[in-house]
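> Provided below for reference: sequence and predicted model.
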Amino acid sequence: IVGYAALSFSGLLMLQQVALFSIVGLLAAWLTVVGLGPVIYHGGSLIHDNLLVHAIGLLRGKVSTLNVGQLQLAFAALVLVFTAVMVVRGGEVNDTPSAFFSLNRNILAQERKVDQVIASYEPASFIIVRGDTPERVYQQIVRLEQALEDASGTALLGIHRLLPPPNTQRLAYEAYGKIYAKHERAEALLRISGLNEQAVQNLQQRYLAASGRALAPAVLQNEMSGALPPLWVEQGGYYHALLMIPKSIELTELAHYAQAHPAVELISVAEESTAAVRGLRLSAASLLLVALLLVAAMMVLRYRSLASGAMAALPAASVMITLLVLQLGGVPVSLFHVMALFLVVGLGMDYIIFLSEIRGDPTLTMAAVVLSALTSLLSFGLLAFSSLPVMSAFGLTVAIGNSCNVLGALLLSSVDRSVQTCESAGCNR
């Protein structure tokens, strides 16, 4: 309960809910054992598996030559190796929401081919290009499209596809002067087109009245506001153009371009979702450390000895070994790997507490620990074979971490003689 309570300190609703459900479940389990235990067990003879007890006894005998100093040295070496691997490798992680589901690569490839044909656009990603004049905005768009020309033949969709820049409009106006200006050849051409004299004069007057004028993007946006998304916005003395992104363009390429050009900004809900998951993972990892510290403090209070805080070294070692195995195995750590580590910490503390409290026959106690671990591995560990990445990550982490817990408990049950209860050693120790 203390370990999972650390999640309640998070400002994230998801982690707070995990803490609440875990605490309620653990309280219900504790009440069930305390309430039904006396009914089921009446103090008769102990029931145990002789074969298991014999095997545990043999294993304890094999490692009985170890001493506490050697275990402390091994733990220090583990901390150094863990730190070195994390610093060198940087810790491979996966925070993309798509990692929570099994995606069919063939379907994704087919969808990309279809998107290239129908030129569909990303529903929740777009680019914002800004400048202090409309001409500079258009220039930035041209440079962006030139940079992406080799990557995709599909153009970005924006106001520039509907309206040329003002200088281009002025050049076009001058070019059309050959048709609408008042001279004989132009008038003859208009009459050949079937226009009467009045119509020709109206066209010429309208052409002359438009001299020096250009249709501004803001005017077009206002006139077609019901038919167009907000492709052009003027705010704070700057002009902003919104560009829709074809699905055939890799967002990573756009992200690199946006990082190198301050006037270009990539807005992607997918990226924001990844950042949110990353925040959850980092928050959970920080709270995992808090949980270990709280558990260590609880052991100090329980046994009234600072040395008792070292009992938390067993689950801490299991956590580090689990992360090392995942990293060296090329498995990116996700949010659900970290969440499973809370269970690893809880199970590891269970085992070390059993060994500390029940010292009459360490072999029988260790046999009970092994049975408890097997039930956890069968219930949670089998999730590692799930086709759903979320379940697989949780099960794989518990399988590795709890196996480390059992091996560590076996070593401690054989060599540890320092951790004693207040009742057996005296409260002053």
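Sure thing, it's come through.
> Could you pull up the residues touching the closest residue to Val290 other than its chain neighbours?
Among residues not flanking Val290 along the chain, Ala6 sits closest, at 4.4 Å (Cβ to Cβ, 6 or more residues apart in numbering). All C-beta spots, glycine's among them, are computed from the backbone N, C-alpha and C. Counting by Cβ atoms under 8 Å, 6 or more residues apart in numbering, Ala6 touches 19, 287-288, 290-291, 294.
> change it to 6 Å
By Cβ atoms under 6 Å, 6 or more residues apart in numbering, the contact set of Ala6 is 287, 290-291.
> One more: Arg89?
Neighbours of Arg89 in contact, by Cβ under 6 Å, 6+ apart: Gln327.
> what about the strands in this protein?
121-131, 232-235, 238-246, 264-268 (DSSP state E).
> Among the ones you listed, which comes closest to Gly11?
Closest approach to Gly11 among those is made by strand 264-268 (24.0 Å; Cβ to Cβ).
> re earlier: would you tell me which one of the strands of the chain is buried the most?
strand 238-246 (a mean of 20; mean count of other Cβ atoms under 10 Å).
> Give the other helices and strands that that one contacts.
strand 121-131, helix 134-148 (3 or more Cβ pairs under 6 Å, 6 or more residues apart in numbering; DSSP states H and E).
> contact partners of the shortest one?
I take that to be strand 121-131. Outside strand 121-131, the residues that reach it (Cβ under 6 Å, 6+ apart) are 137, 140-141, 238-247, 263-269.
> Same question for the longest one.
Among residues not part of helix 134-148, those counted as contacts by Cβ under 6 Å, 6+ apart are 129, 131, 160, 165, 239, 241, 257, 263.
> Name the nearest residue to Leu189, ignoring sequence neighbours.
Here the residue nearest Leu189, using Cβ to Cβ, 6+ apart, is Ile179, at 6.5 Å.
> same check, this time on Ser273
Nearest to Ser273 is Pro97, by Cβ to Cβ, 6+ apart, at 4.9 Å.
> Could you count how many residues lie near the one you found?
12 (other Cβ atoms under 10 Å).
> So it versus Ala285, what's the distance?
Per Cβ to Cβ, to the nearest Å, Pro97 is found 18 Å from Ala285.
> Next: Ala384.
Using Cβ to Cβ, Ala384 is found at 21 Å from Ala285.
> likewise Ala216?
52 Å.
> pLDDT value on Val24, please?
For Val24, the pLDDT comes out at 92.
> Tally up the residues packed near it, please.
With other Cβ under 10 Å as criterion, Val24 counts 11.
> change the start of the numbering to 18 and stick with it
Yes, from this point I'll number from 18; that puts the last item at Val41.
> Could you check how far it is from Ser335?
25 Å.
> do Ala324 as well
On the measure of Cβ to Cβ, Ala324 and Ser335 end up 20 Å apart.
> JSON lines for the helices and strands packed on strand 255-263, including distance to Pro349 and mean pLDDT?
Shown next, in JSON lines, are these (distance: least, Cβ to Cβ, whole Å; pLDDT from 0 to 100):
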{"stretch": "strand 138-148", "distance to Pro349": "23", "mean pLDDT": "83"}
{"stretch": "helix 151-165", "distance to Pro349": "29", "mean pLDDT": "87"}
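> how about the ones you listed in TSV, adding distance to Met31?
Output for the helices and strands packed on strand 255-263, formatted as TSV (distance: least, Cβ to Cβ, whole Å):
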stretch	distance to Met31
strand 138-148	21
helix 151-165	37
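> between those, which one is nearest to Ala330?
strand 138-148 (46.1 Å).
> could you give the angle of the closest one to helix 151-165?
Interaxial angle of strand 138-148 relative to helix 151-165 (axes from the mean of the first three to the mean of the last three Cα atoms, to 10 degrees): 130 degrees.
> Name the strands paired with strand 138-148 and say parallel or antiparallel.
Sheet pairing of strand 138-148 (DSSP bridges) gives strand 255-263 (antiparallel), strand 281-285 (antiparallel).
> Check the offset of the last one from the chain's centre.
The one in question is strand 281-285. In terms of Cα atoms, centre = their mean, to the nearest Å, the centre of strand 281-285 is found 20 Å from the chain centre.
> Convert it to CSV, retaining C-alpha atoms only.
Output of strand 281-285 as CSV, limited to C-alpha atoms (Å, rounded to 0.1, in the frame of the first residue of the first chain):
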residue,chain,number,x,y,z
VAL,A,281,7.7,27.4,-39.5
GLU,A,282,5.9,25.4,-36.7
LEU,A,283,4.7,21.9,-36.9
ILE,A,284,1.5,21.2,-34.9
SER,A,285,0.9,17.5,-34.5
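> so where's the stretch 68-217 of the chain shaky on pLDDT?
For the stretch 68-217 of the chain, the stretches with pLDDT under 70 are 115-122, 124-126, 128-137, 140, 167-171.
> Please repeat the previous calculation with a cut-off of 50.
168-170 (pLDDT under 50).
> Tell me how far Ala93 lies from Val362.
Counting by Cβ to Cβ, the gap from Ala93 to Val362 is 20 Å.
> who has more neighbours, those two?
Neighbour totals were compared for Ala93 and Val362, and Val362 leads with 26 against 10 (other Cβ under 10 Å).
> That one touches Gly20, doesn't it?
Yes - contact criterion Cβ atoms under 6 Å: Val362 and Gly20 qualify, at 5.2 Å.
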